[in-house]
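Q: fold the following and give me the result.
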Amino acid sequence: MAHIFLDESGQFAKHNHEEYFIVASFTIGEPRRTAKEFRKWVSTRFPKRMRRQAEIKWSATGISDELRLRTLKRISNLDVRIRYVYLLRNNIPSEYRDEHKIKDGFLYTNVVGELLDMYLPNTDVDFRVFCDQRKLSGLTKADFKEAIIARMLPNLPQKAIIQIETLDSTSSENIQIADWVAGALARWHEKGPLGDECRAILKENIIGEGKELFSSTALYL
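A: Okay, the predicted model is just below:
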C-alpha cells in the first residue's frame, strides 16, 4: 500500500520575497510510526511552550537554527522517501493567468499531478494520497480529487483503489513532516540561511531529482 503525504512551500502570487513554489512529498511504509515519532520528538525536544501545539511548522518562530536542523535530521532518519517538484513563479505560463491573477486552483492541481506522475506507473493496488488543505480558486475539493484520479488511472492497475484526501495539518503529523521537507527544500532553492545544511541532510532521502516545471533549465540536488 502506497501512502503519499504532501505539502507545499511558497505562494503563486508575488506578495512575498520567495521566488520558488515547491510541492514536496514522501512515502513511508508505516505512517503511524512516523506520526508517533514526530509527535514524540516535538513533545520532548521543543521549547515547553510549543510542545502541546497542534501543529509545528517549519516556518514557526521561536525555533533555533540548531533545533531546526536537528528536527530535519530526525525526519531524515525516519526513512522517508522524498520526491518533489518546483517552479519559479516568473515562469508560470500564460494559460494559468487571467489578466493579472493566477488561476491557482488549476495551477496547483497540475503541479500536484506532475508530482504524482513521478510515482507512476505503479503496480500497487492501494494508492493513497494525503494533501494539506488548501483553498483552490475556481475548483471544489471534489473537482481536485476527480482531476487527480483521472490523471493517475491510466498508470495504475485496473482495479486499484485510489484515495485522494485533503487533511487539516493540525490533525496530521505526517502532513507536518511534509511541510518541514518542503520548507527545507525551499530554503535551499532560495539560497537562504541553512540552505546548504538542509540539502546535505535530505540528500540521501530524495528519490531521483527534484523536477522543475515550466522551464528547460533545472536545478537539481
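Q: list the buried residues for the helix or strand containing residue 85?
A: Using DSSP states H and E, residue 85 falls within strand 81-88. With burial defined by 16 or more other Cβ atoms under 10 Å, the residues of strand 81-88 counted as buried are 82-88. For the C-beta atoms, the positions are set from N, CA and C on the backbone; glycine is no exception.
Q: who does whatever helix or strand comes next after it pair up with?
A: Tracing the chain past strand 81-88, the next element assigned as helix or strand by DSSP H and E is strand 97-98. Applying DSSP bridges, strand 97-98 is found paired with strand 101-102 (antiparallel).
Q: would you confirm that residue 177 contacts residue 80?
A: Yes. Between residue 177 and residue 80 there is a contact under Cβ atoms under 8 Å: 6.9 Å.
Q: got any residues that touch both of those two?
A: Between them, residue 177 and residue 80 share these contacting residues under Cβ atoms under 8 Å, 6 or more residues apart in numbering: 26, 34.
Q: pass me the low-pLDDT residue ranges in the protein, would you?
A: 14-16, 216-221 (pLDDT under 70).
Q: now the helices for it?
A: Using DSSP state H, the helices found in the chain span residues 31-45, 65-76, 104-117, 141-152, 173-189, 195-202.
Q: residue 51: which of the ones you listed is closest?
A: helix 31-45 (4.9 Å; Cβ to Cβ).
Q: re the thing from before, distance to residue 163 and mean neighbour count added to the helices of the chain, as JSON lines?
A: Below are the helices of the chain laid out as JSON lines (distance: least, Cβ to Cβ, whole Å; neighbours: other Cβ atoms under 10 Å):
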{"stretch": "helix 31-45", "distance to residue 163": "13", "mean neighbour count": "15"}
{"stretch": "helix 65-76", "distance to residue 163": "24", "mean neighbour count": "17"}
{"stretch": "helix 104-117", "distance to residue 163": "13", "mean neighbour count": "20"}
{"stretch": "helix 141-152", "distance to residue 163": "9", "mean neighbour count": "16"}
{"stretch": "helix 173-189", "distance to residue 163": "14", "mean neighbour count": "25"}
{"stretch": "helix 195-202", "distance to residue 163": "26", "mean neighbour count": "18"}
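Q: kind regards, and thank you for your time.
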